[in-house]
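Pasted the sequence and its predicted model underneath.
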Amino acid sequence: MSSKTIARGRKELLSHHITPDRIRQEGAGQPTLKKTDLLKKIEELMAEDTAGDPMSGRKWTRKSTYTVSEELCAEDISLSPNIAGKLLKELHFSLKSNRKTIAETHHPARNQQFGIIADMKMRFTDRAQPVVSVDSKKKELIGNFKNNGKTWKKKREEVYCHDFRSMATGIANPYGRYDLTANCGTVVVGTSYDTPEFAAESIELWLTSSGYAEYPHMDELLILCDAGGSNSYRARLWKYGLSTKICRPYGISVIIPRELPNGIPLTIAFSASSA
């Protein structure tokens, strides 16, 4: 505290204008604000940026505690970000991350397509026929780059500061395959591009390595995949690869249920005779 502040305080005490129940002269300091009024003010600020769950009563907002503190300071209400966070918890707010739940389009036949897929999975499982789900995974740079996770070591491993593509020795294209019946999966990693030919070869690799050993009486194969990327229903090389690499050499039928953009259910089937 500065000497000038002490001198002013001493002068106020000697002037006898301060009552015994006060430590400062009336009118000094920031006007007091009731907690209920402060909570009401915060609710007004959060009204346009609030979402919530009507079942649990929890709320979440896009505003940070620092933003709330700055907006209150703009209205002459001094409040730290930490106190703003505590008051938000009293108002049943909590930290929430984004969730992908809003679809751009919703066709009336969408549930019908899922019902068709569920019936087909049940039919294949009852007949001891394989049901596999395939999808391309995120491409990864090959090189001395940082990767999440920890290992027991005496010394840290030094990696590059930035994940620039020009510093990579190559790019890995993972393609995942999951067997719903056996509850096991494999990942095939390619060093070329994520092409329809690579997707078909990944399924062929599973058949030659363990597919026939797990399903010796296989005559049909149900493949569940999305309608884009290397296994898109528009890609002719994907269909050609299934016919020439799986159906014709192994004499099995491949069925791929799809949902077209207009919501109409579609089932693509490849057999050894039609290939």
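Arrived safely. Predicted model only: the values in this text are computed from it and were never measured.

what about the strands in the stretch 101-250 of the chain?
131-136, 140-142, 170-179, 184-190, 220-224 (DSSP state E, counting those that start in this stretch).

next one: the last one to chain centre, how far?
Its chain's C-alpha centre lies 27 Å from the corresponding centre of strand 220-224 when counted by CA atoms, centre = their mean, to the nearest Å.

what mean pLDDT does that strand have?
Regarding strand 220-224, the rounded mean pLDDT is 90.

Is Glu204 in contact with Arg248, as I believe?
No - the pair Glu204 / Arg248 is not scored as a contact, 11.4 Å apart, by CB atoms under 8 Å. C-beta here means a position set from N, CA and C on the backbone, and glycine is covered the same way.

More neighbours: which of these two?
Remark: of Glu204 and Arg248, Glu204 carries more neighbours, 19 against 16, as counted by other CB atoms under 10 Å.

Please list all residues in contact with that one.
For Glu204, the contact set (CB atoms under 8 Å, 6 or more residues apart in numbering) comprises 245-246.

how many other residues sit next to the closest residue to Leu221 other than its chain neighbours?
Leaving aside its sequence neighbours, Leu221 sits nearest to Val254 (CB to CB, 6 or more residues apart in numbering; 4.9 Å). With neighbours defined by other CB under 10 Å, the count for Val254 comes to 22.

picking up where we left off before, for Asn82, which of the strands of the stretch 101-250 of the chain is the nearest?
strand 140-142 (39.3 Å; CB to CB).

and the strands of the stretch 101-250 of the chain as JSON lines, adding mean neighbour count?
Below are the strands of the stretch 101-250 of the chain laid out as JSON lines (neighbours: other CB atoms under 10 Å):
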{"stretch": "strand 131-136", "mean neighbour count": "19"}
{"stretch": "strand 140-142", "mean neighbour count": "15"}
{"stretch": "strand 170-179", "mean neighbour count": "17"}
{"stretch": "strand 184-190", "mean neighbour count": "15"}
{"stretch": "strand 220-224", "mean neighbour count": "20"}
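
that's a helix at Leu87, yeah?
Yes - judged by DSSP: H, G, I helix; E, B strand; the rest coil, Leu87 forms part of a helix.

Against Ala74, how distant is it?
From Leu87 across to Ala74, the span is 17 Å (CB to CB, to the nearest Å).

which one of those two has more residues nearby?
Neighbour totals were compared for Leu87 and Ala74, and Leu87 leads with 19 against 8 (other CB under 10 Å).

List the contacts of the more buried one.
38-39, 42, 79 are the contacts of Leu87 under CB under 8 Å, 6+ apart.

farthest-separated two in those residues?
Greatest spatial distance among these (CB to CB): Leu39 and Leu79, at 11.4 Å.

So between these two, which is more surrounded?
More crowded of Leu39 and Leu79, by other CB under 10 Å: Leu79, with 19 against 14.

Nearest to Ser192, out of the contacts of Leu87: which one, please.
Ile42 (55.3 Å).

for the helix or strand containing that closest one, what is the average pLDDT?
Ile42 is located in helix 35-46, with elements delineated by DSSP states H and E. In this model, helix 35-46 has an average pLDDT of 75.

Could you do stretch 147-166 as well?
On average, stretch 147-166 scores 84.

wait, isn't the residue nearest to Leu221 in contact with Arg248?
No - with contact defined as CB under 8 Å, Val254 does not reach Arg248; the gap is 10.8 Å.

one step back: tell me what the residue nearest to Leu221 is bridged to.
In this entry, Val254 is beta-bridged to Leu221, Phe270, by DSSP bridges.

Let's see the pLDDT reported for it.
The model's pLDDT for Val254 equals 89.

Now do it against Gly115, distance only.
21 Å.

One more: Leu222?
From Leu222 over to Gly115 (counting by CB to CB), the distance is 15 Å.

residues near Pro249, how many?
Neighbours of Pro249 (other CB under 10 Å): 14.

do Pro196 as well
Number of residues near Pro196 (other CB under 10 Å) recorded here: 20.

show me where pLDDT drops low in the chain?
16-35, 47-62, 95-99, 101-107, 109-110, 258-275 (pLDDT under 70).

tell me the domain boundaries of it?
34-102, 110-147+154-270 (automatic domain parsing).

Looking at these, which one is packed in the most?
domain 110-147+154-270 (a mean of 15; mean count of other CB atoms under 10 Å).

Before I go, just wanted to say thanks for your time.
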